[in-house]
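**Student:** coordinates for the following, if possible.
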Amino acid sequence: MNMNKKLISAIILGTIITSLSGCVITDSVNKLLGKSTKISRIPASEGKIKRPIPVAEAQSPAKEVEVFILGKDAVDIGFVKSGTASSTLVSYITPAVTARIVDINAKMGQKVKKGDLLLTLGDFITTEIADKQYETAQKGLELLKTSQFITDYSSVRNIEIATNGVKLAYESYQNAIETKQNAKNLYDEQADSADIADDMAEDMYSHAKSGYSKLQSSIGTLEDKISILENTLETLPTDDPERASIEEALSSLETALETAEGQVDTVKLAMKQAEYGVDQAENGEDLLDAGYESQMTQLDFAIFAAKTSYENAIKQFEVAVNGMDLQKIGLQGQILQAELGVTSAALNSNQKYITSPIEGTVTSVFSTTKEGSLASPGQILMKIENPEKLSIHTSVNFEESSLIAQGDSVEITGIGIKNPVKGEIISVSPSANDTSKKIDIEIEFTNNKEVIPGSLVKVQFSPKTDKVFIPLNSIYTENLNEYVKIVDSENKVVAKEITLGDIIGEFVEVSGLKGNEKIIKSPSASIQEGDKVTESTNK
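**Tutor:** Numbering: from 1, shown residues only. As a prediction, this is how the structure comes out:
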């Protein structure tokens, strides 16, 4: 690509260079191609043109030259390309099923909106089958939704029953625990009463036993006293005055002894009764303990049974909930499939109605598009274009492509376009077109109703760049190098070596200049470095 650029530069500059420096075109071409060749030149010494300098030159007037002031004079590196304007939104209307055209709802030139009915198909087996499939799918979906309602109602009822079961089982479980606690409290009360009764029986037995011991002791004492008195009476004479009192005392003691001996059986009976009471109290405690243990065992079993029932009720509730969820998921899946089936069937059924996919104008109604004719998939029936948004496909060369970028503005002109239309570059290809070897460009613009889709238009590119461009006719070649002649602050000619870049129209990109030089246009061989010059007023 660089070789081609240099070759083009050399060819364009050849004519100018030949007249200015005396070099033939072959010199520059071979230099740019990297070839070594013998250069044919006007006789020169050390690469510069020699000329006789007359003595009177100092008195000759300054030569008039036309200059190009870099950075001040305008540089027009714009360029124009041709292209065809076309709609960015184009739709070719084709049927999705094979059927007959029963109605045409749009005509050539008619404006349509997205979704507007264009054609109606029917009177064919494919459309009838599609209608039946849609009807069947719709009924199937309705049956599934009814089944879902019944299943949901049944599931809710099962959950309510399971919830009540959990509630009742929990109450039974709590009642069993409360019953055990009440039985325990009752046992504690009864145990306290039994302990009191046992203590009382023990006290009664102790009192009876103590009374029996005292009674026996009293009887012994009475017998001892009676024995003493009897012995005393035996020793006393019958006429002893104390005998009467001793006999009286003896009689009293014998009476007391008889009374005491008569009480022995009663006291023995009371003691036995007290002992029996103690046994009864102890037996009562044993029976109470045994009854309590038995009752606790029964109540523990009742609590276990109630707890088990409660846990089972919870499981039944969970089963009911999970069952409802599973049924709901299953039915939802079936309903989703049925809805997809309905949607698919509806799409198939609605394929007989051909609508516009875009907003635009009907620009073509093909000759085969007639009522009663058979239409098949892939057959183009109509063409719809939206003329509001248009695009242009054109191409530029490599040098030009370096000056433009996506987003740059352009102007579109052409036959019938009274006012230039603003456009925007939306894409610049990163590589060359295989056929044209140029860079493809796409431009979009909003139509001002003057541009007809399909018409030939011109695109004006006005690139902005920081690169330095100068007129092509200001360059000359010397010793295989490119130069320009500039006018310095003393109005003298100074040769300045430069490096060429891209050529755009009548201008070429250069480097080696500061940006404020006065460059001589079309420098002739008669104007030499050091010459005094004046700027021409005719530009």
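
**Student:** quick check: next helix or strand after the helix or strand residue 182 falls within?
**Tutor:** Here residue 182, judged by DSSP states H and E, is contained in helix 125-235. Next along the chain after helix 125-235, taking DSSP H and E as the criterion, comes helix 242-350.

**Student:** and that following helix, what other elements does it pack with?
**Tutor:** For helix 242-350, the packing partners by 3 or more Cβ pairs under 8 Å, 6 or more residues apart in numbering; DSSP states H and E come out as helix 125-235. (C-beta placed from N, C-alpha, C; glycine too.)

**Student:** the helix it packs on packs against which elements?
**Tutor:** Secondary-structure packing of helix 125-235 (3+ Cβ pairs under 8 Å, 6+ apart): helix 242-350.

**Student:** now the helix it packs on: how far from the chain's centre is it?
**Tutor:** 63 Å (Cα atoms, centre = their mean, to the nearest Å).

**Student:** sorry, back to before: now the angle between helix 242-350 and the helix holding residue 182, please.
**Tutor:** Between helix 125-235 and helix 242-350, the angle comes out at 180 degrees (axes from the mean of the first three to the mean of the last three Cα atoms, to 10 degrees).

**Student:** pLDDT averaged over helix 125-235, what's the number?
**Tutor:** In this model, helix 125-235 has a mean pLDDT of 86.

**Student:** report the distance from stretch 446-461 to the chain centre.
**Tutor:** 43 Å.

**Student:** so for it, mean pLDDT?
**Tutor:** 90.

**Student:** could I have that stretch exported to CSV, CA atoms only?
**Tutor:** What follows is stretch 446-461 as a C-alpha-only set of coordinates in CSV (Å, rounded to 0.1, in the frame of the first residue of the first chain):
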residue,chain,number,x,y,z
THR,A,446,-33.1,11.5,7.9
ASN,A,447,-34.9,12.2,4.7
ASN,A,448,-36.2,15.7,4.0
LYS,A,449,-38.7,14.2,1.6
GLU,A,450,-36.6,15.4,-1.4
VAL,A,451,-34.5,12.2,-1.6
ILE,A,452,-36.1,9.3,-3.4
PRO,A,453,-35.0,5.8,-2.2
GLY,A,454,-33.0,4.2,-5.0
SER,A,455,-31.8,7.5,-6.5
LEU,A,456,-28.2,8.3,-7.2
VAL,A,457,-26.8,11.0,-4.8
LYS,A,458,-23.4,12.7,-4.1
VAL,A,459,-21.8,12.7,-0.7
GLN,A,460,-19.6,15.7,0.2
PHE,A,461,-16.9,14.8,2.8
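
**Student:** tell me the buried residues in that stretch?
**Tutor:** Under the neighbour-count criterion of 16 or more other Cβ atoms under 10 Å, stretch 446-461 has 447, 451, 452, 453, 457, 458, 459, 461 buried.

**Student:** name the surrounding residues that touch that stretch.
**Tutor:** Stretch 446-461 is contacted from outside by 78-87, 363, 385, 387-390, 392, 394, 396, 400, 403-404, 408, 410-421, 423, 443, 445, using Cβ atoms under 8 Å, 6 or more residues apart in numbering.

**Student:** which of the residues you listed fall within helices?
**Tutor:** Per DSSP state H, helices hold the following members of these: residue 400.

**Student:** show me the contacts of stretch 446-461 that map onto strands.
**Tutor:** 79-87, 363, 385, 387-390, 392, 394, 396, 410-413, 421, 423, 443, 445 (DSSP state E).
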